[in-house]
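Engineer: next one to model:
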Amino acid sequence: MRIALVSLAAVAAVAAATPALANEVRVEARGGVIWDGSDSEATVGGAIGYDYDLAPGLFVGVQGSADKILTDNTRVSWGAGGRIGIEPRDGTKVYALADWQSKNCKYCNSAVGVGGGVQQDVGSRYYVKAEYQHLLVGDNTPDADRGLVGVGVKF
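Structural biologist: Numbering: from 1, shown residues only. As a prediction, the model looks like this:
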């Protein structure tokens, strides 16, 4: 028992002495345009996520989102996914992303989004970002594309 307690205390001391990485929670508001081959509409939403540093200059993150197309007969589309990227310089993140999104209307299909983006810090807690996604809808429904810009805060 004493060996286990001493071992646990040693692990805690090493963990406390290790410099903290920039793991962070982020919350953002975003808006943009969604389009398919024949139509385009404005969209607004928000997201919450957590980024975890894998190594200096490399990160992975998870994210949940809620987005609404600003037209009649649509509803909030809920999303869950992740991103992986690099930090080519302090305060800048470049990433690839993938997520699943629920139906945005009663008779629509859910979609899988793939894309990428750039996030730039503004000060120590705030950031701006630009993102592109190609939405793979399926069931003979045309795919769509979405461009987003956002502002957020990190904790």
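Engineer: can you get me a residue count around Val44?
Structural biologist: For Val44, the neighbour count with other CB atoms under 10 Å is 14. To be clear about C-beta, it is placed using only N, CA and C from the backbone, and glycine gets the same treatment.
Engineer: residues in contact with it?
Structural biologist: Counting by CB atoms under 8 Å, 6 or more residues apart in numbering, Val44 makes contact with Ala29, Arg30, Gly31, Asp67, Lys68, Leu70.
Engineer: partners of the helix or strand hosting it in the sheet?
Structural biologist: For Val44, the host element (DSSP states H and E) is strand 40-55. The pairing partners recorded for strand 40-55 under DSSP bridges are strand 24-35 (antiparallel), strand 58-69 (antiparallel).
Engineer: can you tell me the SS state at the closest residue to Gly138 other than its chain neighbours?
Structural biologist: The shortest distance from Gly138 to any residue other than its chain neighbours is 5.8 Å, reached at Asn109 (CB to CB, 6 or more residues apart in numbering). Here Asn109 is recorded as coil under DSSP: H, G, I helix; E, B strand; the rest coil.
Engineer: gap between Asn109 and Thr141?
Structural biologist: According to CB to CB, to the nearest Å, Asn109 and Thr141 sit 5 Å apart.
Engineer: what's the answer for Thr92, then?
Structural biologist: Taking CB to CB, one finds Thr92 at 36 Å from Thr141.
Engineer: about what we covered before: now the strand holding Val44, how far from the chain's geometric center?
Structural biologist: 3 Å (CA atoms, centre = their mean, to the nearest Å).
Engineer: before we move on, what about stretch 136-153?
Structural biologist: Using CA atoms, centre = their mean, the offset of stretch 136-153 from its chain centre is 13 Å.
Engineer: residues in contact with it?
Structural biologist: The contact list for stretch 136-153 (CB under 8 Å, 6+ apart) reads 26-38, 43, 47, 108-115, 117, 125-135.
Engineer: which residue is nearest the centroid of this structure?
Structural biologist: With distances taken as CA atoms, centre = their mean, the residue of the chain nearest its centroid is Gln63 (4.4 Å).
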